[in-house]
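**Q** sequence and predicted structure, then a few things I'm wondering about:
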Amino acid sequence: MPQFTSDGLDLSYDDFGAADARKAIVLVHGFSSNKYENWKRMGWYDAIAGKGLRGLALDCRGHGESAKPHDAAQYDRAKMAQDIFTLMDRAGIERAHLLGFSMGAHIALTAAMTDGARIDHLVVAGVGGRIFEPAREPDAMAKAMEAVSPDEIADPMLKSFRHFADEQKEDRLALAACSRGPRAEITRDALFAIRRPTLVIAGQRDQLAGPPQGLAEAIAGAKAVTLPGCDHFSMIAHGLFKANVFDFFDGWLE
């Protein structure tokens, strides 16, 4: 299990595909998931290697095989974005494509706003226009993770996340801290700083994300793709998700 140290935390990652590939891609998973469940099990490792790319996928702090502090301050999104660049440094990669899903998309956007020069193409998935809407209950996800039983959770979406966290045997107190982690608000003005080719993908039935066009319109030159029939969770395994990402990298996505 390869690891690297970032901000004093030991984080786990996978390095796959051709080590001497001309292009590399970094994968950042969603909340309560991990590199295996979000990417490897869904066929992304094989697909990326098959395209002749080098792939890096990390377990974000608080997830998978990485360190799991219970202090919310350790989950500052700016620190989690820096983890991406620290991993790239560890792998000897100056520039890479960046693909983030859901929470990973928020982290990827933060990375692009922080140091876009190190990103080739940016793909953010499982996010859309609702990124600009304030959370109705900012602490709801953390409380769902802290609940004694999923039966105590009334909201179906929150219950789904809790069930998934339990299935993955994740540290729920670490996830609660992650949910409470500091983050700069993602605004249209802040996104103006992104000057990388960007693709926004969301499922047609993704109520958490909203339509991808609402986010793409705030990023200069960004493209938006809606995956038919998909909700927030089912889009990861959809063949069109991979197809659109690789078409975007190859310059075929119009």
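**A** Yep, it's here. Residues are numbered from 1 along each chain as shown.
**Q** once you drop chain neighbours, what's closest to the residue nearest in space to the middle of the chain?
**A** Geometric centre of the chain, nearest residue: Gly104, 1.6 Å, by C-alpha atoms, centre = their mean. With C-beta to C-beta, 6 or more residues apart in numbering as the criterion, Gly104 has its nearest non-adjacent residue at 3.3 Å, and that residue is Val28. To be clear about C-beta, it is placed using only N, CA and C from the backbone, and glycine gets the same treatment.
**Q** and the one you found, what does it touch?
**A** 57-58, 60, 84, 98-101, 104-105, 107-108 (C-beta atoms under 8 Å, 6 or more residues apart in numbering).
**Q** name the nearest of these relative to Ala202.
**A** Ala105 (9.5 Å; C-beta to C-beta).
**Q** just to confirm, which helix or strand has the closest one in it?
**A** Assigned by DSSP states H and E, Ala105 falls within helix 103-115.
**Q** got a list of contacts for that helix?
**A** For helix 103-115, the external contacting residues (C-beta under 8 Å, 6+ apart) are 27-31, 38, 60, 77-78, 80-82, 84-85, 98-100, 119, 122-127, 131, 178, 183-184, 186, 190-191, 193-194, 196, 198.
**Q** CA atoms only for that helix - export them in CSV, please.
**A** These are the backbone C-alpha positions of helix 103-115, laid out as CSV (Å, rounded to 0.1, in the frame of the first residue of the first chain):
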residue,chain,number,x,y,z
MET,A,103,-16.7,16.1,-2.7
GLY,A,104,-13.7,15.3,-4.9
ALA,A,105,-15.1,17.8,-7.5
HIS,A,106,-15.2,20.5,-4.8
ILE,A,107,-11.6,19.7,-3.9
ALA,A,108,-10.6,19.7,-7.6
LEU,A,109,-12.2,23.1,-8.2
THR,A,110,-10.3,24.4,-5.1
ALA,A,111,-7.1,23.0,-6.6
ALA,A,112,-7.8,24.6,-10.0
MET,A,113,-8.5,28.0,-8.3
THR,A,114,-5.3,27.6,-6.3
ASP,A,115,-2.7,26.5,-8.9
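**Q** any buried residues in that helix, and which?
**A** 103-114 (16 or more other C-beta atoms under 10 Å).
**Q** what angle do whatever helix or strand comes next after that helix and helix 103-115 make?
**A** Next along the chain after helix 103-115, taking DSSP H and E as the criterion, comes strand 119-125. With axes from the mean of the first three to the mean of the last three C-alpha atoms, to 10 degrees defining the directions, strand 119-125 sits at 150 degrees from helix 103-115.
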